[in-house]
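> quick one: sequence and predicted model below, then my questions.
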Amino acid sequence: MLLTSIIGSRTFAQDLALDLFNFNAKARQERAKEVMQDNEYTSTGYEKGIFYSNPLMLNGKPIDYTAFNLESKGELTVIKGAAITGDTTQVSFYVYLRRDGNKVLIPGNERSSIGKTKMDISEILQHAEPGDQLVIEAVKKEDGHVKRILKLLGGGC
């Protein structure tokens, strides 16, 4: 009877741990879907190159949409090419905030966010509010596939 009780407790604990893991994975997946908005992409007909499904890099690694939030820090870059092989090209981009469908004007930042190949993400996030959208667009028409829109949420997941 004692052995049955111990085995039952162990099985219960394993089941509970598996349920918690699955719940956490589902919550992280839902958060990633909420952060990564529709990219509103319309083909320009000028696209050239291979476009990675997640061309946004933070500190040299693909952005983790489950953890990206208003407090995120690091160097943002945008790439195209085969990220798996490391054969990538940095893309010039501009970035801005959108609140309630309107572009947020950041004094002194009108020109500094255009045509960069990298930028400190905290420079723009310091002006953001929960629910704003971070819009990242390629400067050149041939890099149009890299446009991304991220919903900014507070805190981690």
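Yes, it's here. Predicted model only: the values in this text are computed from it and were never measured. Numbering: from 1, shown residues only.
> helix, strand or coil: sort out residue 30 for me.
Put simply, residue 30 is helix when judged by DSSP: H, G, I helix; E, B strand; the rest coil.
> tell me the predicted confidence for it.
With respect to pLDDT, residue 30 scores 72.
> ok, now residue 127?
The per-residue pLDDT reported for residue 127 equals 91.
> around it, how many other residues sit close by?
Residue 127 has 15 neighbours, counted by other CB atoms under 10 Å. C-beta here means a position set from N, CA and C on the backbone, and glycine is covered the same way.
> next SSE after the lowest-mean-pLDDT helix or strand in the chain?
Every helix and strand in the chain was compared by mean pLDDT, DSSP states H and E; the lowest is helix 2-35, with a mean of 59. As assigned by DSSP states H and E, the chain's next helix or strand after helix 2-35 is strand 56-58.
> give me the contact list for that next one.
Applying CB atoms under 8 Å, 6 or more residues apart in numbering, the contact partners of strand 56-58 are 62-64, 68, 72, 74-79, 121, 136, 146, 148.
> of those residues, closest to residue 103?
Of all the contacts of strand 56-58, residue 136 has the smallest distance to residue 103: 13.3 Å, by CB to CB.
> does that closest one fall in a helix, a strand, or a coil region?
strand.
> distance-wise, check it relative to residue 145.
From residue 136 across to residue 145, the span is 12 Å (CB to CB, to the nearest Å).
> neighbour-wise, which of the contacts of strand 56-58 leads?
Neighbour counts for these, by other CB under 10 Å, peak at residue 78, which reaches 27 neighbours.
> give the pairing partners of the host helix or strand of that one; include direction for each.
Per DSSP H and E, residue 78 falls inside strand 75-82. Sheet pairing of strand 75-82 (DSSP bridges) gives strand 56-58 (antiparallel), strand 87-90 (antiparallel), strand 118-120 (antiparallel).
> tally of neighbours for residue 144?
When counting by other CB under 10 Å, one arrives at 21 neighbours for residue 144.
> quick revisit: lowest pLDDT pick from the contacts of strand 56-58?
Ranked by pLDDT, these bottom out at residue 146 (73).
> show me what contacts that one?
Contact analysis of residue 146 by CB under 8 Å, 6+ apart lists 51, 55-56, 78-80, 91, 93, 136-138.
> cheers, nothing more for now.
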